[in-house]
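Undergrad: no FASTA, just this:
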Ligand code: SF4
Ligand code: SF4
Ligand code: FES
């Protein structure tokens, strides 16, 4: 983990992305192989299914200094394991409420469904996340002048 | 059948259960040898039954002490609300119904022991007796009687008591209110107050709160539903939460704790009462209970045949923002 950190130290903001193997990882791959233009700020952690993503992973990544965390899996109904993402959905929607309640800025997290064919959509999600992070950083910098 | 003082019946029942060997132990309350305040008691001999007490200062949720897996059940003295914890423990297969004999005690609210100081005329050292007297509790101390109101001096969680009837019981002693008292809930009010702040202000509020935590884990250790043999906070490989607070990790502990108790917390308030640095732990607990009720229609421990809310799903569950549901 530290090696990865050092290697990519330059590329900020840093987004940690938990992508399910069967849809979103393939979607990200498609975005890459299709040479779609999206920022290279991603650190991808491939998980078997969005159902594998423990809220602890998201919170730990943020605590360790990720500027934002993305969790993405197959659309409801399309999970390779049939229902992993339905369980994930309950956890993630509850986690969204907790993050909102405790005032964690919304540009720090995003939970999405991206299919294997949605390379374009994946690139768009990343672009939006980076834009939101840059905007927040600029706002913070302005507040200090 | 009205039974204004159930303590003699409670002692007789405990004695009988132990004499007949129906249970291996009775978990109840006794008076602390020095202060006279009620504290937990675990008795295993019939002659110890005389030590049992029950009064409106019995705040502890004794289901924390219940363990299953033995040949004989353990009897536990439980207020109506406390039985919710037992129900969650059963729904999650932590214990079986036959592991516990529930002695449900009628209760019209528990008063906050901290108020004794305020209501006593002089500094007190020892409580001689605790009597219910109309809508007050007369706490007779060595420095005179402190009268605590059964409406004004209640624990926050008792003000709007949502579950005055036990969810499960093997015997009921005392009088149970038919319905919730219908008073506004101070815990819900606290959540609403936090929600009314701006996001930045909320962030400050929770950072400042969690910064004060000394990570003694009293909140976890007292919680009847923090029964994992290995808590993520104790894990060393990988070490999610550093041993020392100097290494950070307070916020992570509290956020994960909130998630682990979402839909499971029965709102007993034990965590907040145990916290030595006075953190408002019920805010997040109450909020997450509202979230799980609102989104999945689940209230922890109020029905025996419910399934834990994160072990099931519905097609019609709220979806992620931007996906035909949820907030965006
Ligand atoms: S009881 Fe209070 S101080 Fe101890 S770990 Fe819990 S919140 Fe922190
Ligand atoms: S989290 Fe606190 S209020 Fe909820 S069940 Fe545990 S001790 Fe009780
Ligand atoms: S395999 Fe993609 S969400 Fe389950």
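TA: Alright, I've got the coordinates. This structure is a prediction, so every number in the text was calculated from the model and none was measured. Residues are numbered from 1 along each chain as shown, chains lettered A, B, ... in the order given. Ligands and ions are numbered 1, 2, ... in the order given.
Undergrad: can stretch B:81-99 be found next to chain A?
TA: No: using CB under 8 Å from any CB of the partner chain, we find that stretch B:81-99 stays clear of chain A, coming within 15.6 Å at best. (Each C-beta comes from the backbone N, C-alpha and C, glycine too.)
Undergrad: tell me how far the ends of that stretch are from each other?
TA: Start to finish, the residues bounding stretch B:81-99 are 19 Å apart (CA to CA, to the nearest Å).
Undergrad: How about stretch B:216-234?
TA: 12 Å.
Undergrad: How far does that stretch sit from its chain's centre?
TA: 14 Å (CA atoms, centre = their mean, to the nearest Å).
Undergrad: in the chain, which helix has the most residues?
TA: In the absence of a named chain, chain A is used. Determined from DSSP state H, the single longest helix within chain A is helix A:119-144.
Undergrad: meant chain B, my bad for not saying
TA: helix B:282-296.
Undergrad: Name all residues that make contact with the one residue sitting closest to the centre of chain A.
TA: By CA atoms, centre = their mean, chain A has its centre lying nearest to residue A:70, at 1.2 Å. Residue A:70 makes contacts with A:15-19, A:42, A:109-112, A:125-126, A:129, as judged by CB atoms under 8 Å, 6 or more residues apart in numbering or on different chains.
Undergrad: So which of those residues sit within strands?
TA: Per DSSP state E, strands hold the following members of these: A:15-19, A:42, A:109-112.
Undergrad: And the furthest pair within those residues?
TA: A:42 and A:111 (15.5 Å; CB to CB).
Undergrad: Compare those two and say which is more crowded by neighbours.
TA: residue A:111 (25 against 22; other CB atoms under 10 Å in any protein chain shown).
Undergrad: Hmm, residue A:62 is touching residue A:69, no?
TA: Yes: under the criterion of CB atoms under 8 Å, residue A:62 makes contact with residue A:69 at 5.9 Å.
Undergrad: What distance do you get for the closest residue in space to residue B:113 that isn't next to it in sequence to residue B:244?
TA: The shortest distance from residue B:113 to any non-neighbouring residue, by CB to CB, 6 or more residues apart in numbering or on different chains, is to residue B:57 (5.6 Å). Going from residue B:57 to residue B:244 by CB to CB, to the nearest Å gives 36 Å.
Undergrad: go on, residue A:116?
TA: Plainly put, residue A:116 is 45 Å away from residue B:244 if you go by CB to CB.
Undergrad: With residue A:36 instead?
TA: Taking CB to CB, one finds residue A:36 at 45 Å from residue B:244.
Undergrad: Residues in contact with stretch A:22-35: which ones?
TA: Residues outside stretch A:22-35 that contact it (CB under 8 Å, 6+ apart): A:17, A:19, A:38, A:42, A:44, A:46, A:49-50, A:72-75, A:78-80, A:112-123, A:126.
Undergrad: Alright, I will stop here.
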